[in-house]
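Asker: Let's see this in three dimensions:
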Amino acid sequence: MLDVVVIGHIAIDRNVLPWGTVENVLGGAPTYAGMALKTLKKNVGLVSKVGLDFEDFLFYTKHGIDIKGVSIGGLLTTRFENIYNIDGKRKQICKCGVSHITSDDIPELYRKARSFYISPITNEVEVELIKQLKREDNIIMLDPQGLFRKITENGRVEIALREDFKDFLKYVDIIKIGKSEASVFGIGVEKILSYLICAGPKIAIVTLGNKGCMFSVGDKIETVHCLKVDAKDFTGAGDVFGATFLATYMDTLNVRESIKSASIAAGLKIRHMGPDGFPSKEEIEEVKGLIDLTP
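Answerer: Next up is the predicted model:
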């Protein structure tokens with residue numbers, strides 16, 4: 001049985017950073033969450049669609065990640081240009097995309113997985129898919145980053161709140177949203193967390209970049225600081241955070257410790273360019289023993 005199935009499109013990224021540009025690197029949740037989970041010794045499967053131009057299947061298989069759920073969904077693989085400022089704030093241009101992911105794209109074996117990490121990048125996942133995957137004995141975690149993205153005619157990515165966003169939350173156990181997505185609510189983080197919890201999830205998390213994160217279980221809201229590092233590439237940090245949280249929570253059922261592990265993992269990862277430098281459990285625990293991230 002698989003521990004985690006990651007659902008979302010693989011992307012080819014061009015990351016423009018203040019100190020240099022990284023060309024044609026693998027991106028998307030299957031890459032960053034998949035590799036983070038595998039490094040934490042979870043059995044991982046991917047559900048994604050790529051274009052006929054995609055040639056990097058070996059990247060996943062050589063790391064022991066199952067790709068039975070990866071299929072061809074168009075001519076060209078989804079491509080993003082991610083343009084960052086010195087603080088990690090990002091502007092995006094989406095070059096192209098492939099078709100939606102539906103229930104028919106989920107291999108039967110994957111449906112029995114212990115958990116699902118769902119992180120769309122271009123609205124490729126709909127409510128019905130999550131509804132069909134939810135069981136009483138599994139965990140579904142959603143990073144809705146792509147649900148908030150509107151692609152303009154010139155490919156520029158704008159962030160906006162979907163009218164049906166609340167419907168997704170009915171079938172989700174854990175919800176994690178990033179700083180950009182949080183900004184569209186127009187209310188404070190504590191109110192966002194309360195809104196998310198009231199909509200269905202047991203655990204709600206809002207990551208705030210270099211200000212750490214806030215999370216809620218029930219009506220209790222807490223804060224955890226981020227790990228201060230010399231960042232080289234912010235791409236994928238959110239998915240590394242989310243995947244590490246899920247992996248740790250599956251093992252411990254301890255939300256606070258899982259948040260700490262996730263914050264440390266994201267910090268350690270962004271010291272490296274592209275899909276490289278994913279921290280092991282031992283590395284995370286070593287840092288956790290040295291640095292207290294609680295206020």
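Asker: ok, E81 - contacts?
Answerer: 13-14, 16, 92-93, 95 (CB atoms under 8 Å, 6 or more residues apart in numbering). Every C-beta, even on glycine, is put in place using the N, C-alpha and C of the backbone.
Asker: now those residues in CSV, with pLDDT and neighbour count?
Answerer: Output for these, formatted as CSV (pLDDT from 0 to 100; neighbours: other CB atoms under 10 Å):
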residue, pLDDT, neighbour count
D13, 88, 24
R14, 87, 17
V16, 84, 16
Q92, 89, 18
I93, 88, 17
K95, 80, 15
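Asker: can you give me the helices in the stretch 51-200 of the chain?
Answerer: 57-61, 127-133, 165-168, 179-183, 189-198 (DSSP state H, counting those that start in this stretch).
Asker: which one of the ones you listed has the lowest average pLDDT?
Answerer: Note on the helices of the stretch 51-200 of the chain: helix 179-183 shows the lowest mean pLDDT, a mean of 93.
Asker: send the alpha carbons of that one over as PDB?
Answerer: What follows is helix 179-183, C-alpha atoms only, in PDB (Å, rounded to 0.1, in the frame of the first residue of the first chain):
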ATOM      1  CA  LYS A 179       0.900  34.000   1.900                       C
ATOM      2  CA  SER A 180      -0.200  34.900  -1.600                       C
ATOM      3  CA  GLU A 181      -3.400  33.000  -1.300                       C
ATOM      4  CA  ALA A 182      -4.100  34.300   2.200                       C
ATOM      5  CA  SER A 183      -4.000  37.900   0.800                       C
END
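Asker: which stretches of this protein aren't confidently modelled?
Answerer: The model of the chain has no residue with pLDDT under 70.
Asker: Nearest the geometric middle of it, what residue?
Answerer: The structure's the chain has its C-alpha centroid closest to D239; by CA atoms, centre = their mean the separation is 2.9 Å.
Asker: Who is R90 paired with across the strands?
Answerer: Y84 (DSSP bridges).
Asker: Distance of it relative to D233?
Answerer: Going from R90 to D233 by CB to CB, to the nearest Å gives 11 Å.
Asker: neighbour count winner among these two?
Answerer: Between R90 and D233, D233 has the larger neighbour count (other CB atoms under 10 Å), namely 25 against 18.
Asker: contacting residues around the more buried one?
Answerer: With CB under 8 Å, 6+ apart, D233 has these contacts: 15, 17, 22, 270, 272-274.
Asker: Would you double-check that N15 falls in a helix?
Answerer: No. Under DSSP: H, G, I helix; E, B strand; the rest coil, N15 sits outside any helix and is assigned strand.
Asker: who touches the closest residue in space to it that isn't next to it in sequence in this structure?
Answerer: Using CB to CB, 6 or more residues apart in numbering and skipping the chain neighbours, the partner closest in space to N15 is V22 (4.3 Å). Counting by CB under 8 Å, 6+ apart, V22 touches 13-15, 233, 235, 273-274.
Asker: my guess is T294 contacts G212, does it?
Answerer: No. Judged on CB atoms under 8 Å, T294 makes no contact with G212 at a distance of 9.9 Å.
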